[in-house]
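Engineer: let me see the structure of the following:
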Amino acid sequence: MPNPDADHASAVPVLVLNGPNLNLLGLREPEIYGRDTFADIEALCHRTAAAHGLRADVRQSNHEGVLIDAVQEARTAHRGIVINPAGYSHTSVALRDALAAADVPIVEVHLSNIHRREEFRHFSYVSAVADTVICGAGAHGYALALAHLARLVDTA
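Structural biologist: Prediction:
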């Protein structure tokens, strides 16, 4: 969804990529993930990106290959990536490898604090290739991630 407030001619394109089950935000375990819907987070990303001179391309997929294709596309179409890999954080070496080859700044974001949850969630393959990791700030984590990504792409 394009953001009418952004100056598309000068805004820096960034990818905001979301993994499996995030399309169910607001419905799925709101005590863990909050009551914000995916549409709420998408709108937050567009507003925050525009405020920092960015243009957010917000996507979500439940399919690992679609996420990998988006990361590979970002090598040439975007100047940075914010990614919430969701469950693929803990399982996908393939997504980690695509991110490692992206050659753009990467900020990993999680709605919940993965380190205060089940043991298997404490490890993320993505964290090893991300420039920054933000977790436990709820939907606001996306705003923090985009603000920080703006600094990273400005210095890249």
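
Engineer: how about low-confidence regions in the protein?
Structural biologist: In the predicted model, the chain carries pLDDT under 70 at residues 1-9, 120, 156.

Engineer: give me the contacts around the helix or strand that contains residue 40.
Structural biologist: For residue 40, the enclosing helix or strand under DSSP states H and E is helix 38-51. Residues from elsewhere that reach helix 38-51, judged by CB atoms under 8 Å, 6 or more residues apart in numbering: 1, 3, 5-6, 11, 14, 16, 18, 22-26, 36, 55-56, 58, 60, 82, 139, 142-143, 146-147. The way it works is simple: take the backbone N, C-alpha and C, and place the C-beta from them, glycine included.

Engineer: next helix or strand past that helix?
Structural biologist: Heading C-terminal from helix 38-51 (DSSP H and E), you reach strand 54-60.

Engineer: restricting to C-alpha, output the next helix-or-strand element following that following strand in PDB.
Structural biologist: On the C-terminal side of strand 54-60, the nearest following helix or strand under DSSP H and E is helix 64-77. Extracted C-alpha coordinates of helix 64-77, given in PDB (Å, rounded to 0.1, in the frame of the first residue of the first chain):
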ATOM      1  CA  GLU A  64       9.700 -19.500   3.200                       C
ATOM      2  CA  GLY A  65      10.500 -19.300  -0.500                       C
ATOM      3  CA  VAL A  66       8.400 -16.100  -1.000                       C
ATOM      4  CA  LEU A  67      10.400 -14.500   1.800                       C
ATOM      5  CA  ILE A  68      13.700 -15.600   0.300                       C
ATOM      6  CA  ASP A  69      12.600 -14.200  -3.100                       C
ATOM      7  CA  ALA A  70      11.800 -10.900  -1.500                       C
ATOM      8  CA  VAL A  71      15.200 -10.700   0.300                       C
ATOM      9  CA  GLN A  72      16.900 -11.500  -3.000                       C
ATOM     10  CA  GLU A  73      14.900  -8.800  -4.800                       C
ATOM     11  CA  ALA A  74      15.900  -6.300  -2.000                       C
ATOM     12  CA  ARG A  75      19.500  -6.500  -3.100                       C
ATOM     13  CA  THR A  76      18.700  -4.200  -6.000                       C
ATOM     14  CA  ALA A  77      15.300  -2.700  -5.200                       C
END
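
Engineer: may I see the buried residues of helix 64-77?
Structural biologist: The neighbour-count criterion (16 or more other CB atoms under 10 Å) identifies 64, 67-68, 70-71, 74 as the buried residues of helix 64-77.

Engineer: ok, back up a step: which ones among the contacts of helix 38-51 map onto strands?
Structural biologist: The strands in this structure, assigned by DSSP state E, contain 14, 16, 18, 55-56, 58, 60, 82 from those.
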